[in-house]
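[1] Sequence isn't available, so here's the structure alone:
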DNA sequence: ACTGTATATGCCTTGACACGTATATAACCA
DNA sequence: TGGTTATATACGTGTCAAGGCATATACAGT
């Protein structure tokens, strides 16, 4: 049951997998090598990402090449929009700091 | 131990709390009323959000007024940046559809 | 067919977390 | 002080997800 993208990117290792795929498609073995994680663990994350529509797979002989499919991240971006408009400026940060000191 | 913003916004009810705060600061009771959730549950979410720096509290007599502090969401936005550049166009979506049909 | 390589799945354990109920704390008011 | 309102914490419970190890599956080369 394809999880929401929010939950998908909550897992640090999954974010690292996605980050690794930014450079282009990669076989599972490559990902295992770059994340200090067991091969089954990586395969399971890839499955979750696949079911969530964040990655695609392509079969190449025994290997399976995973690539990005960032479409669903759009939902996160959309949700973020109203908050982006409320981004704190540096002055706000200073103000918060002073408020914290006043406590 | 202030959780990363990614984990904070993974919880749907927490997102709803943040969304409710977009309109301005609110006492806990208001939030309880708008999310069909027990008061303790809301208080706990607020605690997590507070520790994560996503909300501020202000005491007003017996009430505690929570307000947004969206700064940490910047981290999510930053992480999202490289993916945003890879957003699928409608043509990409068509292509994916065709690829899926070809399987 | 047999072996090796690459990846996926099954099973199990563990830890985290979301929730509710009950209770504590705090501020207000009479 | 006692009672009432508003919110926080303690505690117990159920669920779920992430990880590892073992094993299955798929493909390739001999």
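    Received, thanks. Only a predicted model underlies this, so the values are computations on that prediction, with no experimental measurement involved.

[2] Backbone torsions only: list them for the residue positioned nearest the centre of chain A.
    Nearest to the mean C-alpha position of chain A, by CA atoms, centre = their mean, lies residue A:15 at 3.3 Å. The main-chain torsion angles of residue A:15 are listed as degrees, to the nearest 10 and equal phi -60, psi -40.

[3] now residue A:68
    Taking degrees, to the nearest 10, you get phi -70, psi 150 for the backbone angles of residue A:68.

[4] That one: what's its closest spatial neighbour, skipping adjacent residues?
    If the residues on either side of it in the chain are set aside, residue A:68 comes closest to residue A:21, at 4.7 Å by CB to CB, 6 or more residues apart in numbering or on different chains. Backbone N, C-alpha and C define where each C-beta goes, glycine included.

[5] ok, the one you found touching residue A:66?
    Yes: in terms of CB atoms under 8 Å, residue A:21 counts as a neighbour of residue A:66; the distance is 6.3 Å.

[6] Find residues that contact each of these two.
    Taking CB atoms under 8 Å, 6 or more residues apart in numbering or on different chains as the contact rule, the neighbours common to residue A:21 and residue A:66 are residue A:55.

[7] does residue A:87 count as helix, strand or coil?
    At residue A:87 the chain is in coil, as set by DSSP: H, G, I helix; E, B strand; the rest coil.

[8] beta partners of the closest residue to residue A:27 other than its chain neighbours?
    Closest residue to residue A:27 apart from its sequence neighbours, by CB to CB, 6+ apart: residue A:63 at 4.3 Å. In this entry, residue A:63 is beta-bridged to residue A:60, by DSSP bridges.

[9] and residue A:63, how many neighbours?
    Using other CB atoms under 10 Å in any protein chain shown as the criterion, residue A:63 is surrounded by 13 other residues.

[10] do the same with residue A:61
    Neighbour count of residue A:61, defined by other CB under 10 Å: 6.

[11] what's it sitting at in phi/psi?
    Note on residue A:61: backbone dihedrals following degrees, to the nearest 10 are phi 60, psi -130.

[12] Report the contact partners of whichever residue of chain A sits closest to chain B.
    Nearest residue of chain A to chain B (CB to the nearest CB) works out as residue A:10 at 3.7 Å. With contacts taken as CB under 8 Å, 6+ apart, residue A:10 has the following neighbours: B:6-7, B:9-10.

[13] Show me which residues of chain A sit near DNA strand D.
    Applying CB under 7 Å from any atom of the strand, one finds that chain A approaches DNA strand D through A:3, A:10-11, A:13-14, A:37-38, A:40-41, A:44-45, A:48, A:59, A:61-62.
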